[in-house]
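Asker: missing the sequence, but the structure's below:
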């Protein structure tokens, strides 16, 4: 079984703009960073007025905006959120 992990709000509510990975590969175990055997999830924290470049070696990406607004630019187009 895989334990339930709680990520406190302070993890994403404070601090600089950054990607915060949820790497559980030591628990799974997988030889690569992973949140699940076929998933790698992360918080992306963006301070007001900042921007961040991200890349993913994946077939898809999903984003959930907790608060604020902005724009994501990809090779396929622009998404306002």
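Answerer: Cool, got the structure. Predicted model, so just to flag it, every value in this text is computed and none were measured.
Asker: buried sites along stretch 9-22?
Answerer: Within stretch 9-22, the residues scored as buried using 16 or more other Cβ atoms under 10 Å are residue 22. All C-beta atoms are positioned from the backbone trio N, CA, C, and that covers glycine.
Asker: whoops, stretch 32-46 was the one
Answerer: Those buried within stretch 32-46 under the rule 16+ other Cβ under 10 Å are 34, 35, 40, 42, 45.
Asker: pipe those residues into CSV and attach distance to residue 68, secondary structure and pLDDT per row.
Answerer: Output for the buried residues of stretch 32-46, formatted as CSV (distance: Cβ to Cβ, whole Å; DSSP: H, G, I helix; E, B strand; the rest coil; pLDDT from 0 to 100):
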residue, distance to residue 68, secondary structure, pLDDT
34, 28, coil, 90
35, 23, coil, 89
40, 23, coil, 89
42, 17, strand, 89
45, 10, strand, 92
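Asker: between those residues, which is nearest residue 5?
Answerer: When the buried residues of stretch 32-46 are compared for distance to residue 5 (Cβ to Cβ), residue 35 wins out at 9.2 Å.
Asker: ends of stretch 4-11, how far apart?
Answerer: Distance across stretch 4-11, first residue to last, is 16 Å (Cα to Cα, to the nearest Å).
Asker: same check on stretch 13-27?
Answerer: Rule used - Cα to Cα; the end-to-end distance of stretch 13-27 is 26 Å.
Asker: next: stretch 69-81.
Answerer: This stretch, stretch 69-81, spans 5 Å end to end (Cα to Cα).
Asker: what's in contact with it?
Answerer: The list of residues contacting stretch 69-81 from outside it, by Cβ atoms under 8 Å, 6 or more residues apart in numbering, reads 46, 63, 65.
Asker: neighbours of the second one, how many?
Answerer: The one in question is residue 63. By other Cβ atoms under 10 Å, 9 other residues sit near residue 63.
Asker: gap between it and residue 33?
Answerer: Here the criterion is Cβ to Cβ, to the nearest Å. By it, residue 63 lies 19 Å from residue 33.
Asker: and if you look at the first one?
Answerer: When distance is defined by Cβ to Cβ, residue 46 is 21 Å away from residue 33.
Asker: how about residue 25, nearest residue that isn't a chain neighbour?
Answerer: residue 34 (5.1 Å; Cβ to Cβ, 6 or more residues apart in numbering).
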